[in-house]
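1. Turn this into a structure:
(chains A and B)
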Amino acid sequence: MSVAEKKPAGAAKDRVLSRRGITVTGGFAVAAVLLVLVPSFTDSFYTFVATRMLLLGLFATAYNTVFGFGGMSSLGHAAFFGIGGYTVGIAVTRWDWPPLVVLAAAVVLGAAVAAVFGVMCLRVRGIYLLLLTLALAQAIAGLAFYQTEWTGGDNGIPNIPRDGLPSSVREGDGYYMLTLVVVAVCVALLWMYQRSPLGMSVVGVRESEARMSATGYRTGRLRVVAFTVSGAFSAVAGVLEVYLQGSVSTANMSWLISADVLVFAILGGARHFLGPFLGAVLVTGLEVWVSTYTDRWTTVLGIVYIATALFLADGVLGRAGWAVRTTKSWWEKKSSPGGAAPPGAAADPAGVPAEVRA
Amino acid sequence: MTEYAIAGENLTMQFGAFRANDDVTLKVPAGERRALIGPNGAGKSTLFNLLAGQLRPTEGTVSLLGRNVTRLPAHRRARLGLARTFQLTDLLDELSVRQNVELTLAAQTGAHRVFWRPLGSVGRLAAQAMEVLEEWDLAAFADRAVRELAYGQQRVLEIALAMSREPQVLLLDEPTAGLSPADAHRLTSLVAALPRTITVVMIEHDMEVAFTLSDQVSVLQQGRVIAEGTPDEVSTDNRVLEAYLGEAADA
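-> Just a heads-up that it's a prediction; the model follows:
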């Protein structure tokens, strides 16, 4: 056995990599099983909450393609979320469109309006981008408010029938499963996009627009792409929300929704792909939990905002990664007292160049 | 018309009341090494921004490889074969060294339009990126975030990125600025070793470096070209001495 264990360094490295692969795959499998099993542990209210967590998680993940990865702080994403919702309300009550057609229409509309947002925001950055997206979203919400013939104005569109959905997934546990599938597919698509050359070049624009354009990238178009992708998937989340609630109103386009999704992203960790999803789950869960004790939810939310700003600049996932790294290096130091130099020093970037140059 | 790799004619750049470039003409034949020198605020970086397309001139024209590019934005000029580095290192800091190279290479082909596969898995991008990194002695740092690199390595990476695009014209904005003498020496020899098929225009504050590397030197002062010629001619030119030494030269 001892001979067999003496493998070259390369093989050991492969084994570590595959172990990591197994951990990741296993983690996903466990998460998938747990998510599928959720309805069997919860009553109808908590199934409803879990469904909302999923769709808000998708919304936050879609938002982050612009915010965390695109480096553009938008405060206008309620518009795309609401457009998805109104698409359901109008198309189902007026024309009785089937869900798949509604979904496709919502994706197209959300993407188109988001592209317009992106184009109009080409010349602004930072706080001005924040204000301009807010203003544009308020304009869309105003449209929804005043076009009463189409949108029902302040009353919105109540009693949206779900007859188009197959009866097994129309409500409760079934609808949770439907949402789970749609959200899983959308998040997987977003993951593929984010790692692709297109998604990575959007991150490149976040890092340095001058560098990317000097390299040959049309940076303005990349910013519009980020908005378009984000708007399309935000609209999907909006569709899921309205099929769940059975009604849509200007509240679906309220700027507070834009603010919420921004907080989801920051709280969970905007530099991590799944951070915003986690943020959405945590805030939604906290809201339900706190509401059982007090009706001062907004006060608690305010405290959470402040705590996030003070202690979680890189979000929960950022903090967690930091904690893992710290623990690991503490453990390694402890297990090799007085031994070799800490792992960082051997590969220190400043230390190596002398050999490389020689 | 085509004998110049890059040329600016009668370039004027006005920022409000300030004229950063005033009727500057700079014509660089293909294959030449040209150094731009001049005191701070002479308008060298502005001229670079006009040539590379970061700025559009108030007056005058820019031509690249015989083509009028005055109205083309930076990314179009880049695709025509122009590469540049920046005075202050400007890389994709949070991305890895490898990703910086892969994104640069992807821009040269249709690979940058792919939106369904991971960056490193598209075509031969990953292999080509490793070739570039090995060529420039950066392979050991492939998976490090760029911000973790030493400053000298970042400068080398900037040139590696520019060269990986196989440009025909390379603009280097103070390649040795802020480097230790050893790093500066290394970078100087890297630039000297660039193939002659590439036209190089560089801004350089270090006279010794500028005169060693260049065939021709253009001297800017207060937005104008005050002298042009071989290093020997320029280094003995009275106007140049005056520009650098100021009043003392008159005395």
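2. quick one: average pLDDT of stretch A:180-197?
-> Here stretch A:180-197 scores 97 as its mean pLDDT.
3. Kindly report the same for stretch B:166-175.
-> pLDDT averaged over stretch B:166-175 gives 93.
4. Which residues outside stretch A:193-209 are in contact with it?
-> The contact list for stretch A:193-209 (Cβ atoms under 8 Å, 6 or more residues apart in numbering or on different chains) reads A:65, A:69-72, A:211-212, A:217, A:219, A:222-223, A:225-226, A:229, A:273, B:90-95, B:99, B:102-103, B:106-107, B:111-119, B:122, B:125. Placement of C-beta: from N, CA and C, glycine included.
5. dump the residue contacts of B:S214.
-> B:33-35, B:202, B:231.
6. Revised request: answer the last question for B:R67.
-> B:L80.
7. And it, what's its pLDDT?
-> 93.
8. between the contacts of B:S214, which is closest to A:F264?
-> B:M202 (47.9 Å; Cβ to Cβ).
9. before we move on, what SS does the closest residue to B:Q221 other than its chain neighbours have?
-> Leaving aside its sequence neighbours, B:Q221 sits nearest to B:A243 (Cβ to Cβ, 6 or more residues apart in numbering or on different chains; 4.4 Å). Going by DSSP: H, G, I helix; E, B strand; the rest coil, the secondary structure assigned to B:A243 is helix.
10. just to revisit the earlier point, among the contacts of stretch A:193-209, which are located in strands?
-> When the contacts of stretch A:193-209 are checked against strands (DSSP state E), there are no matches.
11. right, and B:A107 touches A:T219 too?
-> No. Assessed by Cβ atoms under 8 Å, B:A107 is found out of contact with A:T219, at 11.1 Å.
12. and the contacts of stretch A:193-209, which are buried?
-> Using 16 or more other Cβ atoms under 10 Å in any protein chain shown as the burial test, these include A:65, A:69-72, A:211-212, A:217, A:219, A:222-223, A:225-226, A:229, A:273, B:90-93, B:95, B:99, B:102-103, B:106-107, B:111-112, B:114-115, B:118-119, B:122, B:125 as buried.
13. Residue numbers of the stretch 151-251 of chain B in contact with chain A?
-> Contact residues (Cβ under 8 Å from any Cβ of the partner chain) of the stretch 151-251 of chain B with chain A: B:152-153, B:161, B:165, B:182, B:186.
14. Distance of B:N21 relative to A:F28?
-> As judged by Cβ to Cβ, to the nearest Å, B:N21 and A:F28 stand 57 Å apart.
15. low pLDDT regions in the stretch 1-150 of chain B?
-> Scanning the stretch 1-150 of chain B for pLDDT under 70 picks out B:1-2.
16. again, only using 80
-> Along the stretch 1-150 of chain B, the model assigns pLDDT under 80 to residues B:1-3.
17. which residues of it fall in strands?
-> Along the stretch 1-150 of chain B, counting by DSSP state E, counting those that start in this stretch, strands occupy B:4-15, B:18-29, B:33-37, B:59-64, B:67-68, B:82-84.
18. hmm, the first one in reach of chain A?
-> No. Strand B:4-15 stays out of contact with chain A when judged by Cβ under 8 Å from any Cβ, the minimum separation being 14.4 Å.
19. Now do that strand: which elements does it pack against?
-> strand B:18-29, helix B:44-52, strand B:59-64, strand B:199-203 (3 or more Cβ pairs under 8 Å, 6 or more residues apart in numbering or on different chains; DSSP states H and E).
20. Any buried residues in it, and which?
-> B:4-9, B:11-13.
21. Strand partners (parallel or antiparallel) of that strand?
-> Sheet pairing of strand B:4-15 (DSSP bridges) gives strand B:18-29 (antiparallel), strand B:59-64 (antiparallel).
22. Specify the angle between that strand and helix B:44-52 in degrees.
-> Going by axes from the mean of the first three to the mean of the last three Cα atoms, to 10 degrees, strand B:4-15 is angled at 120 degrees with respect to helix B:44-52.
23. and strand B:4-15, how far from the chain's centre?
-> Taking Cα atoms, centre = their mean, to the nearest Å, one finds the center of strand B:4-15 at 15 Å from the center of the full chain.
24. What of the last one?
-> On the basis of Cα atoms, centre = their mean, the separation between the geometric centre of strand B:82-84 and that of its chain is 6 Å.
25. got it, and stretch A:278-291?
-> The answer for stretch A:278-291 is 15 Å, by Cα atoms, centre = their mean.
26. Can I get it as CSV, trimmed to CA atoms?
-> Extracted C-alpha coordinates of stretch A:278-291, given in CSV (Å, rounded to 0.1, in the frame of the first residue of the first chain):
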residue,chain,number,x,y,z
LEU,A,278,-28.9,33.9,-0.5
GLY,A,279,-29.6,37.5,0.4
ALA,A,280,-33.1,37.2,-0.9
VAL,A,281,-33.7,34.0,1.1
LEU,A,282,-32.3,35.5,4.3
VAL,A,283,-34.2,38.8,4.1
THR,A,284,-37.5,37.1,3.1
GLY,A,285,-37.1,34.5,5.9
LEU,A,286,-36.2,37.2,8.4
GLU,A,287,-39.2,39.2,7.5
VAL,A,288,-41.6,36.2,8.1
TRP,A,289,-39.8,35.3,11.4
VAL,A,290,-39.7,38.9,12.8
SER,A,291,-43.4,39.5,11.8
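27. What residues sit buried inside that stretch?
-> For stretch A:278-291, burial by neighbour count (16+ other Cβ under 10 Å) applies to A:278-284, A:287, A:290.
28. Then stretch A:36-43?
-> Neighbour-count burial for stretch A:36-43 flags A:38-39 (criterion: 16+ other Cβ under 10 Å).
29. Which other helices and strands does the top helix by length along chain B contact?
-> Using DSSP state H, we find that the single longest helix of chain B is helix B:151-164. Under the contact definition 3+ Cβ pairs under 8 Å, 6+ apart, helix B:151-164 sits against strand B:82-84, helix B:97-106, helix B:125-135, strand B:169-173, helix B:181-192.
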